[in-house]
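Asker: Sequence below, structure please.
(2 chains)
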Amino acid sequence: MIAPELDAEEGAMVEDITAILPQFNKTRANLIPILQSIQENHSYLATVAIEMVADHLSISPSEVYGVATFYNQFRLHPPGRHQIKVCLGTACHVAGGDIILENFERKLGIKDGQTTPDREYSVERVACVGCCALAPVAVIDDAVEAHVQPSRVEGIFVQFQVERERQERENMEGEAGE
Amino acid sequence: MSKAAANKNFASLQQEAERRAIERKNESIPTIYIVMSTCGLASGAAETKQAFEEALSTKSIEARIVPVGCLGHCYAEPLVVIDHPTAGFPPICYHQVSTGRAGLLVRSYLEKGDPVFEYILGAMEENDLIPAVMDFPRFNLEQRLVMEQCGRIDPDDIYQYIAEGGYSGLVKALASEPEKIIAEIETSGLRGRGGAGFPAGRKWRLARANDREGRIVICNADEGDPGAYMDRTILESNPHQLLEGLAICAYGVGADQAIVYVRAEYPLAVRTMKQAINSAEELSLLGPSILGTSFNLDVSVFQGSGAFVCGEETALIQSIEGKRGMPQYRPPYPVDKGLWGNSTVVNNVKTLSSVPAIIKKGPEWFRTIGTEKSPGTAIFSVVGNVKHPGLVEIAMGTSLRTLIFDVCGGIPDKKSFKAVQIGGPSGGCLPESFLDTPIDFDSLIEAGAMMGSGGMVVMDQGSCMVDVARYFLDFTQKESCGKCTFCRIGTRHLLSILDRITKGEGTEKDLELLETLGEDIKGGSLCGLGKTAPNPVLTSLNYFREEYEAHIKEKRCPAMKCRALTAFYIDLDKCARGCDVCVGCCPVEAIFTTTGRKKAIDQELCVKCGECMVVCPPEYDAVEKVSPPELAPIIEPPPKKDRESK
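Answerer: Residues are numbered from 1 along each chain as shown, chains lettered A, B, ... in the order given. Modelled structure (predicted):
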């Protein structure tokens, strides 16, 4: 069963893809750039997106699916609002990156590649973000965290919590003001 | 004909660049250069920049802030260079400039003229007041050719590159025949820096010999090797040098189309590159009829989507064509039949970035650097257990010992050297006895490793070689494209055997199996990924066999790294009564209070993260790590019920 929230999201995706597809010539070479631009706007590729792209390029959906699953960049499931990427490059591995990943997984109760049921967080492992001298590294949304210690993992969630509470307070004040 | 026009057009660009440089100098306001590449940003360079801006505005001091690329000294990030022309000091480089230090520097140095000696890394020029950075081995043992301007110029300002002599190599090339350019590169002996070391000049000649129209040049910046980031640094710090090399290459082989293939994981590099292409096109250094000559070059950026195998040239071409990036059988080589069937030259970032200097200074000059068979420099990202990690550019032929101990400061924390892993997932682990191996393409292959992409991970006694081999296999197994059975299934089996060994479930037969299977995978795979995937296992098995044996026979991990084979316990003689630092830090609440208000670890709950060992105050130092785990004394935890009710 699909949650109603997802339906609205897919609707928006369909609308957006209908708008951007005409910008691309109908050549196979545009397949990856199209998928990249869809993912950039919607952070994942829904089944309907794959079908629409296949239709536009006149290739079978399985071809598109094949490409989308081959490359690490593409995801077929919606990520969390906060994306946590733990680097497991060589230097990070030697510095204990797997322990950091485990801490995130334990804290959120999910495995790498998964999203929490409330879609707040998702955790994934990435091969290398290229900051090896600062190992172990984690990328939280777009910010790179250097020299992550297990205790820092707690700190990151506390920060999110504080931020959320602050926003809630602001919202309440805003409502009260009206 | 148009050659004279090219010279004239370029001369006016040079004048403009010079005029801007002089104008900057004459302003005589302080300039603050902040290293803002990906690693700088990770260390907080953006916050530092903000702190500078705020401090400058509160003190109403006028200064220019220039974001620059990476200097390669990652251990000292965020790095800041302050050029304060009226203070009487040369430009000074400061290390680890946090937001607090940024404010302090503005208040002390910019306002009062005191350069705050305790935070200085060194002066950027020779002088009588402050030791220059060039006096330190980390700087003066390096020989910078490709990375010379990295971190010294603003990557987004093309005029700064021109002012440093940039694009004059292209102008020189345009004035001579393409054949001559190829001959020069051949004489220089430049070898492809992508890992295999194929002579670049020969590749260009092969492409030119192909008389079909529509040749294409591709710059391979799909740096997928975990642990290597020099290509990203070059792209982010000095994109124009690469573009100049790319244009010279295109002119030499007769191509009118060029593609820079960058990983999408490097958003800053993609942005910098696109911006650089735009500004070069504006000045007619790229695009149609370059500098008024008949040479056209259309340059575009293609974003790779994250597949390690796409570093292989045929797979890379497949991926640009919109297919799954699977390597193709060679021949036909891409120089004959590459992208869309056209003759295609694929060169690495470092190869192309070396080209402008060769054209400018001549192939003989290039041959004076490095060794007879591998001229030029090598760039390594030296990371892991070294004091001064970062990017190092050294002449080929330098020994590993010089690189690790002299340039990078050796192993920190009084630990001893154990192994160095060179070449990423395709390379090998070399022990101490190989430290005097000179670094060049051939010597490294002879030793069982390879140049690869230039990733170098230094490991001290705390690294387990079996675990490192398992890590690389885990990587290659995931990245295998699946085309060849031996690579697809073979690496999977290698991984499961290694998994077994690191869990203490290995048998003596496993070692033999690892060796034979490794050789089979090498023989049965089409591309470099499969051919080299077993290298980390085979070399570590060769040089560190006793470590594998300890895992199998004694169920012991000598480096105490494999978590299934280690245990933590608290030494009750050392533990302080009533101290509970470890209790708070334990992520799984495995630490409980035992007799005499001392602490103990519940071995069933413990996840072996080692956090308690880190936080235990040094005056007690009570947490011990042992392997095999049976060595840890067993202290019965109180029944679960009691603890929950508490």
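
Asker: Is any residue of the lengthiest helix in chain A near chain B?
Answerer: Criterion DSSP state H: the longest helix present in chain A is helix A:150-177. Yes - Helix A:150-177 reaches chain B (CB under 8 Å from any CB of the partner chain) through A:150-151, A:153-154. The C-beta positions use only the backbone N, C-alpha and C, and glycine is treated the same way.

Asker: how about these in TSV, adding pLDDT and neighbour count?
Answerer: What follows is the residues of helix A:150-177 next to chain B, written out as TSV (pLDDT from 0 to 100; neighbours: other CB atoms under 10 Å in any protein chain shown):
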residue	pLDDT	neighbour count
A:Pro150	84	23
A:Ser151	82	15
A:Val153	88	25
A:Glu154	86	14
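
Asker: Can you get me a residue count around the residue lying closest to B:Leu631 once chain neighbours are set aside?
Answerer: Nearest non-adjacent residue to B:Leu631, counting by CB to CB, 6 or more residues apart in numbering or on different chains: B:Ala567, 7.2 Å away. Per other CB atoms under 10 Å in any protein chain shown, the neighbour tally for B:Ala567 reads 22.

Asker: and what of the one 4 residues further on?
Answerer: With neighbours defined by other CB under 10 Å, the count for B:Asp571 comes to 14.

Asker: Report the buried residues of the longest helix of chain A.
Answerer: Neighbour counts over helix A:150-177 (16 or more other CB atoms under 10 Å in any protein chain shown) mark A:150, A:153, A:156, A:160 as buried.

Asker: Pick out the residue closest to the middle of chain A.
Answerer: Nearest to the mean C-alpha position of chain A, counting by CA atoms, centre = their mean, stands A:Pro79 at 4.2 Å.

Asker: Verify the assumption that it is located in a strand.
Answerer: No - checked against DSSP: H, G, I helix; E, B strand; the rest coil, A:Pro79 lies outside a strand; its state is coil.

Asker: Contact partners for the closest residue to it other than its chain neighbours?
Answerer: Spatially, and ignoring its direct neighbours in sequence, A:Pro79 is nearest to A:Ser122 (4.3 Å; CB to CB, 6+ apart). Neighbouring residues of A:Ser122 by CB atoms under 8 Å, 6 or more residues apart in numbering or on different chains: A:79-80, A:82-84, A:110, A:114-116.

Asker: let's see 7 Å
Answerer: A:79-80, A:83-84, A:114-115 (CB atoms under 7 Å, 6 or more residues apart in numbering or on different chains).

Asker: Around chain A, pick out the residues from the stretch 1-150 of chain B.
Answerer: By the rule CB under 7 Å from any CB of the partner chain, the part of the stretch 1-150 of chain B lying against chain A is B:38-39, B:41-43, B:74-75.

Asker: B:Leu285 versus A:Cys92, what's the distance?
Answerer: 39 Å (CB to CB, to the nearest Å).

Asker: which of those two has more neighbours?
Answerer: For A:Cys92 versus B:Leu285, neighbours defined as other CB under 10 Å are more numerous around A:Cys92 (30 against 25).

Asker: Could you name the helices and strands sitting against the helix or strand hosting B:Asn7?
Answerer: Per DSSP states H and E: B:Asn7 is located in helix B:2-26. Judged by 3 or more CB pairs under 7 Å, 6 or more residues apart in numbering or on different chains; DSSP states H and E, helix B:2-26 is in contact with helix B:158-163, helix B:168-174.

Asker: What parts of chain A come near chain B?
Answerer: So far as CB under 7 Å from any CB goes, chain A lies against chain B at A:28-32, A:36, A:66-67, A:70-74, A:89-91, A:93-94, A:99, A:102-103, A:106, A:127-135, A:137, A:144, A:146, A:150-151.

Asker: In helices, which of those appear?
Answerer: Among the residues of chain A next to chain B, DSSP H puts A:31-32, A:36, A:66-67, A:70, A:90-91, A:93-94, A:99, A:102-103, A:106, A:150-151 in helices.

Asker: ok, so of these, who is nearest B:Lys172?
Answerer: A:Ile32 (36.9 Å; CB to CB).

Asker: Surely the closest one touches B:Gly322?
Answerer: Yes - contact criterion CB atoms under 7 Å: A:Ile32 and B:Gly322 qualify, at 5.7 Å.

Asker: These two: which is more packed in?
Answerer: Neighbours per residue, other CB under 10 Å: of A:Ile32 and B:Gly322, the larger number sits with A:Ile32, 25 against 20.

Asker: so what's residue 151 closest to, chain neighbours aside?
Answerer: If you meant another chain, say so; for now it's chain A. B:Cys585 (5.8 Å).

Asker: switch to chain B, that's the one I care about
Answerer: The shortest distance from B:Gly151 to any non-neighbouring residue, by CB to CB, 6+ apart, is to B:Leu71 (3.4 Å).

Asker: List the backbone torsions phi and psi for that neighbour.
Answerer: Dihedral pair for B:Leu71: phi -90, psi -10, per degrees, to the nearest 10.

Asker: can you pull out the strands in the stretch 1-150 of chain B?
Answerer: B:31-35, B:64-68, B:80-83, B:92-94, B:120-123 (DSSP state E, counting those that start in this stretch).

Asker: contacting residues around B:Leu71?
Answerer: Counted by CB under 7 Å, 6+ apart, B:Leu71 has contacts B:35, B:79, B:150-151.

Asker: Repeat the analysis, applying 8 Å as the threshold.
Answerer: B:35, B:79, B:150-152.

Asker: what's the pLDDT at it?
Answerer: As predicted, B:Leu71 sits at a pLDDT of 86.

Asker: where do the strands sit along the stretch 501-646 of chain B?
Answerer: Using DSSP E, counting those that start in this stretch, strands in the stretch 501-646 of chain B cover B:567-570, B:591-594, B:598-601, B:623-626.

Asker: Could I get those strands in JSON lines, plus columns for mean pLDDT?
Answerer: Listed next are the strands of the stretch 501-646 of chain B as JSON lines, based on pLDDT from 0 to 100:
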{"stretch": "strand B:567-570", "mean pLDDT": "94"}
{"stretch": "strand B:591-594", "mean pLDDT": "91"}
{"stretch": "strand B:598-601", "mean pLDDT": "92"}
{"stretch": "strand B:623-626", "mean pLDDT": "94"}
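
Asker: Quick one: closest of those strands to B:Ser28.
Answerer: strand B:623-626 (57.5 Å).

Asker: And the contacts of the helix or strand where B:Met459 lies?
Answerer: In this assignment (DSSP H and E), B:Met459 forms part of strand B:455-460. Contacts to strand B:455-460, defined as CB under 8 Å, 6+ apart, come from residues A:90-91, A:94, A:132, B:225-228, B:380-386, B:403-404, B:408, B:411, B:413, B:415-424, B:427, B:429, B:468.

Asker: what's the answer for stretch B:167-183, then?
Answerer: Taking CB under 8 Å, 6+ apart as the rule, stretch B:167-183 contacts B:3, B:6-7, B:10, B:13-14, B:161, B:201, B:204-205, B:208, B:240, B:244, B:247-248, B:251-254, B:285, B:290-291, B:293, B:295, B:355-360.

Asker: Just the buried residues out of these, in ChimeraX syntax.
Answerer: If you want just the buried ones from those in ChimeraX, going by 16+ other CB under 10 Å, the selection is:
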select /B:6,10,13,14,161,201,204,205,208,240,244,247,248,251,252,253,254,285,290,291,293,295,355,356,357,358,359,360
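
Asker: Now do the SS call for A:Val86.
Answerer: Here A:Val86 is strand, with the state taken from three-state DSSP.

Asker: Please report how far it lies from chain B.
Answerer: Counting by CB to the nearest CB, to the nearest Å, the gap from A:Val86 to chain B is 13 Å.

Asker: Wait, that residue touches A:Cys128, no?
Answerer: No - using CB atoms under 8 Å, A:Val86 is not in contact with A:Cys128, being 11.4 Å away.
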